[in-house]
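Q: Please find the sequence and the predicted model below.
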Amino acid sequence: MSGIVLSASVRQNLLSLQSTADLLATTQNRLSTGKSVNSALDNPTNFFTAQSLDNRASDINNLLDGIANGVQVLQAANTGLTSLQKLIDSAKSIANQALQTTVGYSTKSNVSTTIAGATAADLRGTTSFASATASSNVLYNGTAGGTTAATGTTTLGATIGSFASTGATAGDGTTALTGTITLIATNGTTATGLATNAQPADGDTLTVNGKTITFRSGSAPATASVPAGSGVSGNLVTDGNGNTTVYLGTAGTPAATVNDLLSAIDLASGVKTVSITAGAATITVSASQPGAAVSTAAGGAVTLKSSTGADLSVTGKADLLKALALTTSTGAGNATISVNRTTSAASLGATIADGSTLNVDGHVITFKNAPIPGSTGAPSVPSGYGASGNVLTDGNGNSTVYLQAGTVNDVLKAIDLATGVQTATINANGTATLATATGQSNSTINSSGALKISTGINADLSITGTGNALNVFGLAGNTGNATAFSAARTSGIGGIAGKSLTFSSFNGGTAVNVTFGDGTNGTVKTLDQLNTKLTANNLAATIDANGLLTITASNDYASSTLGSTTAGGAIGGTLTSALTFSTASTPIQDGVAQTARANLVSQYNNILNQIDTTSQDSSFNGVNLLNGDQLKLVFDETGKSSLNITGVTYNSKGLGLASLTVGVDFIDNAAANRVLTNLNAASSTLRSEASSLGSNLSVVQIRQDFNKNLINVLQTGSANLTLADTNVEAANSQALSTRQSIAVSALSLANTSQQSVLQLLR
């Protein structure tokens with residue numbers, strides 16, 4: 001074939017067809033593959049660069065599966081954390097139920113003491129008082145001029161008053177009256193008795209100083225027949241209080257005499273006294289009557305005597321009194337004779353009326369015209385009473401001052417017994433032993449004659465009176481008036497003011513050091529202020545209506561004993577020496593409450609079991625970040641870009657939670673609070689880990705998205721280097737097809753030309 005010679009035109013057309021066919025094949029290859037570079041022969045630089053980009057994209061794409069798995073591991077851990085947080089919240093709810101359950105102890109440990117008079121508003125107790133001194137008006141004695149000051153020994157009784165009559169006769173009008181004349185005549189013999197109109201009849205009475213003398217016909221009864229408490233002496237029956245019955249006898253046998261009547265008057269006036277034993281009355285002259293002055297009748301002269309303790313007032317039938325020459329009045333009506341005492345240098349300038357009283361701070365002082373019981377000729381001291389000087393006291397502040405021999409000092413003594421400045425001990429022998437109260441001073445009369453009355457500390461002084469007592473003792477003036485005399489005590493602060501109370505730290509609280517005072521400068525006055533101090537030391541205080549102050553462990557530490565070695569809270573301070581505190585009591589469990597708390601312990605432990613299982617189940621593809629596993633994620637083909645996530649052990653122990661023990665945990669609020677503290681710490685730990693996982697998950701997701709985008713970038717770059725422009729290649733294909741068609745036509749023409757030449761040669 002090599003011997004065949006083609007024409008230049010044919011050869012040229014064949015070459016053109018071959019070139020066109022090659023170009024067309026290349027274009028068709030590009031269109032079919034979509035690449036302009038299909039081998040290194042097409043474009044070595046672009047081919048190998050694109051291949052490198054594709055290889056890197058492929059490597060990174062292979063890492064996306066690991067990254068996706070890592071995301072799921074993190075999602076599983078996060079799901080576990082969410083569940084654990086819910087379980088922790090459930091455990092918190094159980095612990096809070098323990099706090100809301102009735103305190104597990106019916107009685108908490110406490111110490112107590114009683115502060116007299118203490119209230120919630122003022123813990124200092126009863127306000128202390130000091131005795132003050134009150135002054136009366138000046139008292140004067142009976143010295144002429146009325147300006148001589150009385151003294152403590154000035155007597156209350158005055159000089160005996162005397163009234164003497166003359167010319168008294170028997171009923172015949174000529175026989176001089178004597179004490180032996182009978183009150184009724186013997187069978188009408190006027191010389192032996194009073195005149196007919198003067199003779200007392202059965203049932204007639206005389207009133208002497210408020211006492212009653214009653215006349216009765218017949219003979220005096222025997223001792224066995226007299227009324228209980230009364231006594232018979234001759235023709236007289238007396239009740240011992242000045243009331244007397246005079247037995248007149250009969251006209252045939254007159255009995256009572258003028259002496260009997262005068263003796264009855266003296267009994268009523270206090271000139272005489274009577275002692276009654278088994279119905280028999282022993283009548284004697286009062287030992288306190290100076291000179292044994294008694295009423296008498298002799299030689300027609302009748303003399304009436306008052307006692308030193310009271311003026312004499314006799315009221316009776318005028319005819320009877322006229323027969324004794326005591327009045328000029330006549331008739332069956334009453335007439336009155338008065339015999340007044342007189343004052344002297346030895347007595348007060350004013351006489352006090354028998355029966356007057358002073359009411360001192362609710363206690364009664366009575367002034368009585370009589371000698372002190374137990375003295376010579378006087379009745380014995382009543383049971384339950386005691387005599388001291390001329391004062392008879394019941395030992396409770398009520399007294400009787402006997403006027404016949406009583407003095408100003410006796411009155412002051414009685415006042416002091418009423419105010420409590422002095423106290424009286426009643427002795428078995430009827431005497432009273434007086435003692436001055438600690439820190440107080442007895443009332444006195446000063447040199448000017450003014451009473452200096454101690455108020456005492458029991459109450460502010462208040463004196464009211466009846467009769468003329470207030471005026472006689474100068475108590476109607478100065479700090480008194482016509483109806484009352486008063487004076488205030490000196491008041492001070494409460495009984496525990498200035499005292500301190502301490503408690504050492506109780507269950508980790510702040511030690512207490514309290515000083516009681518007026519509530520200023522850090523002192524404590526009220527219960528609220530005390531509780532403010534105690535609260536920081538886990539203690540609380542209450543006080544009842546009787547002043548019982550009780551300091552108790554708070555609900556948080558109901559199981560602890562105050563002052564114990566483990567809990568602390570030992571009591572001290574100067575208050576403990578001033579008051580007696582009870583020994584700290586041991587808390588007493590409440591069975592019902594403790595059963596409820598034990599049930600909560602069981603529920604809590606069940607929650608811990610769920611925490612353990614939830615932690616173990618929070619895995620994906622064998623990796624559990626909540627059970628201590630580690631996760632390593634590689635983000636690039638070289639392995640240089642990676643993320644290491646270290647797992648945690650978040651079972652109950654890993655979270656710092658321990659199983660609870662019945663009888664130890666939840667037994668009081670402090671135990672419940674300790675559990676809550678651990679739960680709060682576990683909750684914070686979970687939140688922190690959730691935050692960390694969230695951060696890591698965010699990083700992983702960002703890198704996942706980054707790698708996806710990077711793969712796209714790499715693939716795009718590779719495509720940019722190798723992909724063909726289909727528009728251009730389609731146009732090239734069309735052009736090459738046209739070119740090939742033209743070349744075929746040209747080749748045909750060239751071949752036709754050669755055939756023409758061959759034809760010529762034929």
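A: In hand now; what should we look at?
Q: The closest residue to residue 476 other than its chain neighbours: how many residues sit nearby?
A: Among residues not flanking residue 476 along the chain, residue 470 sits closest, at 4.6 Å (CB to CB, 6 or more residues apart in numbering). In this view, the C-beta of every residue, glycine as well, is placed from N, C-alpha and C. Per other CB atoms under 10 Å, the neighbour tally for residue 470 reads 23.
Q: what about residue 470, helix or strand, and which?
A: helix 469-472 (DSSP states H and E).
Q: still on that earlier bit, next up, the contacts around the residue nearest to residue 476.
A: By CB atoms under 8 Å, 6 or more residues apart in numbering, the residues touching residue 470 are 358, 463, 464, 476, 480, 482, 483, 484, 485.
Q: could you redo these as TSV and give each row distance to residue 149 and neighbour count?
A: TSV is the format used below for those (distance: CB to CB, whole Å; neighbours: other CB atoms under 10 Å):
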residue	distance to residue 149	neighbour count
358	21	26
463	21	25
464	25	16
476	18	19
480	19	22
482	23	9
483	26	9
484	24	15
485	19	26
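Q: hmm, which two among these are most spread apart?
A: 358 and 482 (14.2 Å; CB to CB).
Q: Can you get me a residue count around residue 748?
A: Residue 748: 11 neighbours (other CB under 10 Å).
Q: Same check on residue 167?
A: Residues within reach of residue 167, counting by other CB under 10 Å, total 10.
Q: thought it was touching residue 325?
A: Yes: the pair residue 167 and residue 325 passes the contact test of CB atoms under 8 Å, sitting 5.3 Å apart.
Q: what do those two both touch?
A: Contacts common to residue 167 and residue 325, judged by CB under 8 Å, 6+ apart, are residue 300.
Q: Tell me where the stretch 551-700 of the chain has helices.
A: Using DSSP state H, counting those that start in this stretch, the helices found in the stretch 551-700 of the chain span residues 575-578, 591-617, 669-722.
Q: and what of the stretch 151-300 of the chain?
A: Going by DSSP H, counting those that start in this stretch, the stretch 151-300 of the chain shows helices at 258-269.
Q: now residue 164: how far from residue 297?
A: Residue 164 is 10 Å from residue 297, where distance means CB to CB, to the nearest Å.
Q: who touches both of these two?
A: residue 303.
Q: With neighbour numbers in mind, choose between these two.
A: Using other CB under 10 Å, the more surrounded residue of residue 164 and residue 297 is residue 297, with 24 against 13.
Q: okay, residue 309: pLDDT?
A: On the pLDDT scale, residue 309 is placed at 92.
Q: Likewise for the one 10 residues further on?
A: As summarised for this prediction, residue 319 has a pLDDT of 94.
Q: Tell me if it really is in a helix.
A: Yes: assessed with DSSP: H, G, I helix; E, B strand; the rest coil, residue 319 lies in a helix.
Q: looking at it, it is touching residue 198, isn't it?
A: Yes: using CB under 8 Å, residue 319 is in contact with residue 198, at 4.6 Å.
Q: Okay, now the unreliable bits of the stretch 201-350 of the chain?
A: For the stretch 201-350 of the chain, the stretches with pLDDT under 70 are 291-292.
Q: Spell out, range by range, the strands that occur in it.
A: 205-208, 211-216, 231-233, 236-238, 244-247, 272-277, 280-285, 296-298, 301-305, 312-317, 334-339 (DSSP state E, counting those that start in this stretch).
Q: for the closest residue to residue 249 other than its chain neighbours, what are its contacts?
A: Spatially, and ignoring its direct neighbours in sequence, residue 249 is nearest to residue 255 (2.9 Å; CB to CB, 6+ apart). Contacts of residue 255 were listed using CB under 8 Å, 6+ apart, and they are 182, 219, 220, 235, 247, 248, 249.
Q: Max pairwise distance over those: which two?
A: Top of the distance list for the contacts of residue 255 (CB to CB): 182 and 220, 14.0 Å.
Q: list the contacts for residue 187?
A: Contact analysis of residue 187 by CB under 8 Å, 6+ apart lists 251, 252.
Q: circling back: I'd like the strands of the stretch 201-350 of the chain laid out as JSON lines, including distance to residue 521.
A: Formatted as JSON lines, the strands of the stretch 201-350 of the chain follow (distance: least, CB to CB, whole Å):
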{"stretch": "strand 205-208", "distance to residue 521": "71"}
{"stretch": "strand 211-216", "distance to residue 521": "68"}
{"stretch": "strand 231-233", "distance to residue 521": "73"}
{"stretch": "strand 236-238", "distance to residue 521": "72"}
{"stretch": "strand 244-247", "distance to residue 521": "74"}
{"stretch": "strand 272-277", "distance to residue 521": "67"}
{"stretch": "strand 280-285", "distance to residue 521": "71"}
{"stretch": "strand 296-298", "distance to residue 521": "80"}
{"stretch": "strand 301-305", "distance to residue 521": "72"}
{"stretch": "strand 312-317", "distance to residue 521": "68"}
{"stretch": "strand 334-339", "distance to residue 521": "70"}
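Q: Could you break this protein into its assigned domains?
A: 68-103+592-709, 106-126+496-589, 133-156+353-493, 162-339 (automatic domain parsing).
Q: What separation is there between the residue nearest to residue 249 and residue 626?
A: 129 Å.
Q: Ok, residue 220 next?
A: Going from residue 220 to residue 626 by CB to CB gives 122 Å.
Q: Looking at those two, which is more packed in?
A: residue 626 (28 against 22).
Q: What does the more buried one show for phi and psi?
A: phi -100, psi 0 (degrees, to the nearest 10).
Q: you'd agree it is up against residue 655?
A: No: Residue 626 lies out of contact with residue 655 (CB under 8 Å); the separation is 10.3 Å.
Q: now residue 744, nearest residue through space, not along the chain?
A: Spatial nearest neighbour of residue 744, excluding adjacent residues (CB to CB, 6+ apart): residue 17 at 6.8 Å.
Q: repeat for residue 102
A: Once flanking residues are discounted, residue 102 sits nearest to residue 593: 4.3 Å by CB to CB, 6+ apart.
Q: Can you get me a residue count around that neighbour?
A: Residue 593 has 19 neighbours, counted by other CB under 10 Å.
Q: again, but for residue 391
A: Count around residue 391 with other CB under 10 Å applied: 25.
Q: repeat for the one 3 residues further on
A: Residue 394: 18 surrounding residues under other CB under 10 Å.
Q: so what's it up against?
A: Listed by CB under 8 Å, 6+ apart, the contact set of residue 394 reads 384, 385, 426.
Q: where's the first one relative to residue 132, distance?
A: Yep, that's residue 384 we're talking about. Distance, residue 384 to residue 132, by CB to CB: 32 Å.
Q: repeat for the last one
A: Applying CB to CB, one obtains 29 Å for the distance of residue 426 from residue 132.
Q: number of nearby residues for residue 586?
A: Residue 586 has 12 nearby residues by other CB under 10 Å.
Q: Quick check: bridge partners of the spatially closest residue to residue 112 that is not a sequence neighbour?
A: Spatial nearest neighbour of residue 112, chain neighbours left out: residue 550 (4.2 Å); criterion: CB to CB, 6+ apart. Residue 550 forms beta bridges with residue 112, residue 542, as assigned by DSSP bridges.
Q: quick one: contacts for residue 550?
A: By CB under 8 Å, 6+ apart, the neighbours of residue 550 are 110, 111, 112, 541, 542, 543, 544.
Q: again with residue 603
A: Taking CB under 8 Å, 6+ apart as the test, what residue 603 contacts is residue 94.
Q: Would you mind measuring from it to residue 596?
A: 11 Å.
Q: what do you get for residue 539?
A: Separation of residue 539 from residue 596 (CB to CB): 25 Å.
Q: Quick check on those two: which one has the bigger neighbour count.
A: Between residue 539 and residue 596, counted using other CB under 10 Å, residue 539 has the larger neighbour count: 25 against 16.
Q: Hmm, that one is touching residue 552, no?
A: Yes: in this structure, residue 539 is within contact of residue 552 by CB under 8 Å, at 6.9 Å.
Q: Residue 577: neighbour count?
A: Applying other CB under 10 Å, I find that residue 577 has 9 neighbouring residues.
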